[in-house]
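Colleague: need a 3D model of the sequence below.
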Amino acid sequence: MTVQQLRQLASQNMNGHHRTWKIKASEDAPPVPKLAWHITIIDIAQNSQEGQDTEQYCTLVKEWARRTVEQISAFYP
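Modeller: Residues are numbered from 1 along each chain as shown. Below is the predicted model:
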């Protein structure tokens, strides 16, 4: 499966206009903090190009994951 095929499959299944399910928090869950994310998956997509070096793409995704965990950990130690 190519990156483009994976993106297309993910967008079809996660499109909010067509999705029939929702994720709900429990009633006693604290509110989710608003975060200004350092890097988003959109940044990865915008910096990814068709035919891009797989190693570079993986590096970007790992950096996104690492920084996301860092930010979340600050709120949920």
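Colleague: poorly predicted segments of the chain, please.
Modeller: By pLDDT under 70, the low-scoring segments of the chain are 13-17, 19, 21, 49-51, 77.
Colleague: mind listing what's buried along the helix or strand hosting Glu55?
Modeller: Using DSSP states H and E, Glu55 falls within helix 54-75. Within helix 54-75, the residues that qualify as buried are Leu60, Trp64, Thr68, counting by 16 or more other C-beta atoms under 10 Å. (Glycine included, C-beta is placed from N, CA and C.)
Colleague: with distance to Ser26 added, can I get the residues you listed in CSV?
Modeller: Shown next, in CSV, are the buried residues of helix 54-75 (distance: C-beta to C-beta, whole Å):
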residue, distance to Ser26
Leu60, 34
Trp64, 28
Thr68, 23
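Colleague: pretty sure Asn47 contacts Glu63?
Modeller: No - contact criterion C-beta atoms under 8 Å: Asn47 and Glu63 do not qualify, at 10.5 Å.
Colleague: for His38, give me its contacts.
Modeller: Applying C-beta atoms under 8 Å, 6 or more residues apart in numbering, we find His38 in contact with Arg67, Gln71.
Colleague: please report how far it lies from Ile23.
Modeller: 23 Å (C-beta to C-beta, to the nearest Å).
Colleague: again with Ala10
Modeller: Taking C-beta to C-beta, one finds Ala10 at 16 Å from Ile23.
Colleague: which of those two has more neighbours?
Modeller: Relative neighbour count places Ala10 above the other of Ala10 and Ile23, with 10 against 4, counting by other C-beta atoms under 10 Å.
Colleague: show the contacting residues for the spatially most central residue of the chain.
Modeller: For the chain, the residue lying nearest the average C-alpha position, counting by C-alpha atoms, centre = their mean, turns out to be Ile41 (4.4 Å). Ile41 makes contacts with Trp64, as judged by C-beta under 8 Å, 6+ apart.
Colleague: now do the contacts for the residue located most distally from the centre of the chain.
Modeller: Centroid-distance maximum for the chain: Asp28 at 25.7 Å, with C-alpha atoms, centre = their mean. With contact set as C-beta under 8 Å, 6+ apart, Asp28 has no partners.
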